[in-house]
Each structure stands twice: as structure tokens, then as C-alpha cells.
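Novice: Predicted coordinates and the sequence they were generated for:
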Amino acid sequence: MIGQQAPDSFSARWIHMGGSSSADLHAWERKFKIPFKALSGSMHNPSLLRRLKEVKDKEVLVIKFPVTLSKDQYHSQRLYVFIGKKEILTYSANEHGLKWKDWEEAEWKKILQNGPTFILFTLIEGILSEYFSIIEDLDESCNRLEEEVLLHQTHELVQSIFRLKKSITVLHRSLNHNRNIVLSLEDGLIKNINKKYTPHFRNQYNDFMELIDLIGAYRDGLSGTLELYSSTVSNNLNVIMKRMTALGSLVLVPTLIAGIYGMNFKYLPEFNWPLGYVWALGLMFFSGVFLMWYFKRRGYF
């Protein structure tokens, strides 16, 4: 579906080509000389990069916006922005995660009346809002995982931790990428940018730095959660080994006594004693009771 196009009365025209059919993309490719269909591939394609640099009268920016795949799983998608003096073109192979389609007509008019640079600024503001929303979800997820580690240790819990940590790494890379884009806008390294919006891009740069610091803290926190998991599992194993050792000792001493009286020596004093059998049984019993009392006092049971 082709996005918003401004009437001639507005100072800027914005065309979004995300979700367009194959025929529409071919038409837009012929009109703007931009390889829209190839943009869904890798950005490391040398041929694609060369063709993007050949786009006339427009500066090409790639902004990464977040996509929520599941409760603890996030990804990022590329939004291509071609900004000219009077118009701005945007394209994304995946529409999921883009929020501007919910804007009211009054918002569209205000945005289009302020020119391409303001459109770009508004797009980045929307992406920032989505990142801050995800940060709130990350805070809740990290706290939940820390509590679960203390309650029970399962294979599924470890998978959840690693899945969330992988998502955080993806988001961290995307935030670093966007920060560099906004820094270029602030420093005036991108052509067709209205200089009066430079202070606004500085604020966005600060927001991206705050997000990078926050997501870095969550990544460190998850590393600490994994260490806590390993420590908890190790402590539980130590407790089990202590109990197994104590149980072995309960059997070992009576077995030792039985082994002594089971030796085939000719002269053992207790052999001719009428209470020798009772003595041996009593000795084994009370040795076991004593060991049970001792280990319980030391916290083995």
C-alpha cells in the first residue's frame, strides 16, 4: 500500500512504499530510480550500496526500528529514508512495528506542512517512543527472571534468559546504529537537512544515549542473572552431595562394626559372651542414631 502523499498546498511530500505490491514497486523503481525490491536483502551487498549512492538529489538513511516477536523476543527492521529538498520517500519490507498509520488527519497535515526534515524528525521520535516502551517491558522481564532463578532452576528458564539476552544484543546494535545516524544529522553531514532542527536532533541523540545505557545495564543484569543461576545450581549440588555423604556415613559405621565381628578369627572376646549379639546390634544402632543427631545438628538434613 502506498503511503501518504501531500497535496501541492503542503511544503513537503511524503511517499511510503512499504507493503506495496510487486507491480507498484516496479513502477516506483522506474520513477525514482531506486531499487526498492532489492532493499529487503542484505545491506552488505556491494551492488546495492553502489546503486543507493547513485540516487540523485536525495540522501539515503537507514534507520532501524524495533519489532516485538514474542514476550521476551525482539528484533529490528530497516526503514530506508530517501530525503530530498521537497519530498521524502520511505520504504520498509516489513510493516510490523511502524506506528504512524495510527496518526490522525490533523497530525498528518502538521507534519507535512513543516517540510521533509520535520517528517524525518517525527519518524525518529516515533521510533524512540517504541524503544522506550520496549525498555519498560525489558525491566519487567529481567526482574521476573531474577525472581524465578531463586525459586526454581529449569532448562526452560535458561533458554528464556539466553533468548532475552540475544534480543537485547540486537536492540543494542540497532540503538548504536541509530545514534550514529542522529549524530550525523546533528553535525550537518547529511544534505537536504534544515539546520533549524539541529537542536532537536541533539535531544534525540541524548535519548538514544540514555537508551543505550539502559539496555547495557539490562544486559549486564542478565549476565548477573546467569551467574546467579550457576551459583544456585552449584549450591544445590553441594547440598545434595552433603546429604549423600551423610547418608553414606550412616551406613558406613554399622557396616564397619558388622565387618569387625564378621571376621574369622578364632579368639574374639564377644564370641563367648551371652550378650555379644545384643551388644553388636546395640552398637550399630546407637552409632547410627549418634551420626543422625550430629549431621542434623550441622544442617546436613
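Specialist: Thanks, I have it. Numbers count the residues shown, from 1 in each chain.

Novice: So in this protein, which helix runs the longest?
Specialist: In the chain, with assignment by DSSP state H, the single longest helix is helix 198-261.

Novice: what helices or strands is that one leaning on?
Specialist: helix 116-151, helix 155-186, helix 276-297 (3 or more CB pairs under 8 Å, 6 or more residues apart in numbering; DSSP states H and E). Placement of C-beta: from N, CA and C, glycine included.

Novice: The first one vs helix 155-186, what angle?
Specialist: To tie it back to what came earlier, the one meant is helix 116-151. In terms of direction (axes from the mean of the first three to the mean of the last three CA atoms, to 10 degrees), helix 116-151 departs from helix 155-186 by 160 degrees.

Novice: So which other helices or strands are in contact with helix 116-151?
Specialist: strand 59-70, strand 73-83, strand 87-91, helix 105-113, helix 155-186, helix 198-261.

Novice: Please apply the same query to the second one.
Specialist: Applying 3+ CB pairs under 8 Å, 6+ apart, we find helix 155-186 packed against strand 59-70, strand 73-83, helix 116-151, helix 198-261.

Novice: Highest mean neighbour count out of these?
Specialist: strand 73-83 (a mean of 20; mean count of other CB atoms under 10 Å).

Novice: ok, that one: who's next to it in the sheet?
Specialist: strand 59-70 (antiparallel), strand 87-91 (antiparallel) (DSSP bridges).

Novice: Of all the ones you listed, which one comes closest to residue 210?
Specialist: Set against residue 210 and scored by CB to CB, the strands paired with strand 73-83 come closest in strand 59-70, at 15.4 Å.

Novice: could you give the mean pLDDT of that closest one?
Specialist: Averaging pLDDT along strand 59-70 yields 86.

Novice: do stretch 268-279 as well
Specialist: The model assigns stretch 268-279 a mean pLDDT of 76.

Novice: Redo the helices and strands packed on helix 155-186 as TSV? Include distance to residue 177.
Specialist: Below are these laid out as TSV (distance: least, CB to CB, whole Å):
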stretch	distance to residue 177
strand 59-70	5
strand 73-83	9
helix 116-151	11
helix 198-261	10
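
Novice: No further questions, thank you.
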